[in-house]
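Participant: what's the 3D shape of this:
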Amino acid sequence: MDALLQFIFSGVTVGAVYALVALGFTIIYNASDVVNFAQGEFVMLGGMITVFAHQAGLPLPLAALLAILATAAIGVALNKLAIEPARGAPVVSLIIITIGASILIRGAAQLIFDKQLHRFPAFSGDDPIRVMGATILPQSLWVIGGALVVFFGLWLFFTRTLTGKAVLATANNRVAAQLVGINTSWVMTLSFGLSAAIGALAGVLVTPITLVAYDVGVGLALKGFAAAMLGGMGNPKGALVGGLALGLLEAMTAGYLSSQYKDAVAFIVILAVLFVMPQGIFGKKSTERV
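Facilitator: Residues are numbered from 1 along each chain as shown. Next up, the predicted model:
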């Protein structure tokens with residue numbers, strides 16, 4: 001029982017990170033139908049910029065804020081310099097552009113920072129909290145709480161604000177949104193900036209636990225994509241549930257089988273969803289009139 005609870009704590013912690021990455025995928029997919037495979041690099045940038053800004057002498061909260069704002073600016077630049085000029089291209093071409101952007105960001109991070117693993121101090125210390133024979137780090141509570149706050153904040157944004165409703169309107173029908181006066185180009189810019197900021201926040205929260213290096217974004221992008229597909233691509237609730245489910249599956253696989261197999265779980269989830277349930281748990285089946 002103690003071991004099971006320990007695996008659950010580990011799974012929920014890493015699952016919260018996957019959920020934040022999946023939420024980033026969801027925001028951009030809803031606004032543009034593009035799957036942004038540079039999302040994992042936003043997580044990496046959040047952690048790396050915080051580490052080096054803190055080492056340069058900035059207080060940790062200010063370093064984290066700087067990292068989130070800088071990463072959001074990079075997300076906006078990605079949209080303005082790469083996605084927007086190719087707006088009329090097929091969706092597959094836009095996805096390939098995001099893969100190229102991921103490679104570019106990763107290479108730039110390697111040159112600007114270094115190849116080493118880095119971390120910064122945990123927000124509330126490193127002394128574990130004991131719960132029924134298992135332990136959980138205080139930083140894990142920050143990660144889980146951060147994911148829940150972001151999810152609730154996005155729900156309020158999309159359901160209670162005009163700007164959020166404009167994003168949803170653009171996602172539903174871009175042409176109709178333009179006809180009623182919504183600036184869809186600005187909505188796209190906002191979506192990329194918001195998605196990048198959420199990714200950076202995930203990097204800030206998880207770095208004290210998992211460490212960060214220039215190349216961690218690839219794996220996070222894959223697992224965030226798997227979580228988004230499992231929950232239903234484009235559904236924020238699905239991103240949260242899919243991320244937590246994938247994290248728990250990984251933890252149980254590592255605990256009861258072998259840690260060598262845990263990274264294969266994301267691939268298995270992607271294949272299973274494609275074959276059995278292409279729309280995901282909360283996705284809607286679509287029909288096309290011909």
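
Participant: show me what the longest helix anywhere in the chain is packed against.
Facilitator: As assigned by DSSP state H, the longest helix anywhere in the chain is helix 2-32. Counting contacts by 3 or more C-beta pairs under 8 Å, 6 or more residues apart in numbering; DSSP states H and E, the secondary-structure elements packed against helix 2-32 are helix 39-55, strand 134-136, helix 138-160, helix 162-172, helix 184-210, helix 217-231, helix 236-256. Quick note: C-beta positions are derived from backbone N, CA and C, even for glycine.

Participant: quick one: closest of these to Ala72.
Facilitator: The stretch from the helices and strands packed on helix 2-32 with the least distance to Ala72 (C-beta to C-beta) is helix 184-210; that distance is 4.1 Å.

Participant: mean confidence for the closest one?
Facilitator: Averaged across helix 184-210, pLDDT comes to 93.

Participant: could you pull out the buried residues of that helix?
Facilitator: Buried residues in helix 184-210, counting neighbours by 16 or more other C-beta atoms under 10 Å, are found at 184, 187-210.

Participant: would you confirm that Ala101 contacts Ala38?
Facilitator: Yes: using C-beta atoms under 8 Å, Ala101 and Ala38 qualify as a contacting pair, with a distance of 4.5 Å.

Participant: mutual contacts of those two, please.
Facilitator: Here Ala101 and Ala38 have Leu78 as joint contacts, going by C-beta atoms under 8 Å, 6 or more residues apart in numbering.

Participant: contacts only, for Phe113.
Facilitator: 48, 52, 214.

Participant: and for Leu244?
Facilitator: 11-12, 15-16, 18-19.

Participant: who wins for neighbours among these?
Facilitator: Of all those, the most densely surrounded is Ala19 (35 neighbours; neighbours counted as other C-beta atoms under 10 Å).

Participant: near Leu148, how many other residues are there?
Facilitator: The burial count assigned to Leu148 is 13, neighbours taken as other C-beta under 10 Å.

Participant: and it, how far is that from Leu205?
Facilitator: 12 Å (C-beta to C-beta, to the nearest Å).

Participant: please apply the same query to Val14.
Facilitator: In terms of C-beta to C-beta, Val14 sits 12 Å off from Leu205.

Participant: circling back: buried stuff in the longest helix of the chain?
Facilitator: Residues of helix 2-32 classed as buried under the neighbour-count rule (16+ other C-beta under 10 Å) are 6-32.

Participant: surely Asn30 meets Ser191?
Facilitator: Yes: taking C-beta under 8 Å as the definition, Asn30 is a contact partner of Ser191 at 7.4 Å.

Participant: what touches both of those two?
Facilitator: Counting by C-beta under 8 Å, 6+ apart, the residues touching both Asn30 and Ser191 are Val167.

Participant: which residues does stretch 74-87 contact?
Facilitator: Contacting residues not belonging to stretch 74-87 are listed as 32, 34, 38, 42, 45, 93-94, 97-98, 100-101, 105, 185, 188-189, 191-197, 199 [C-beta under 8 Å, 6+ apart].
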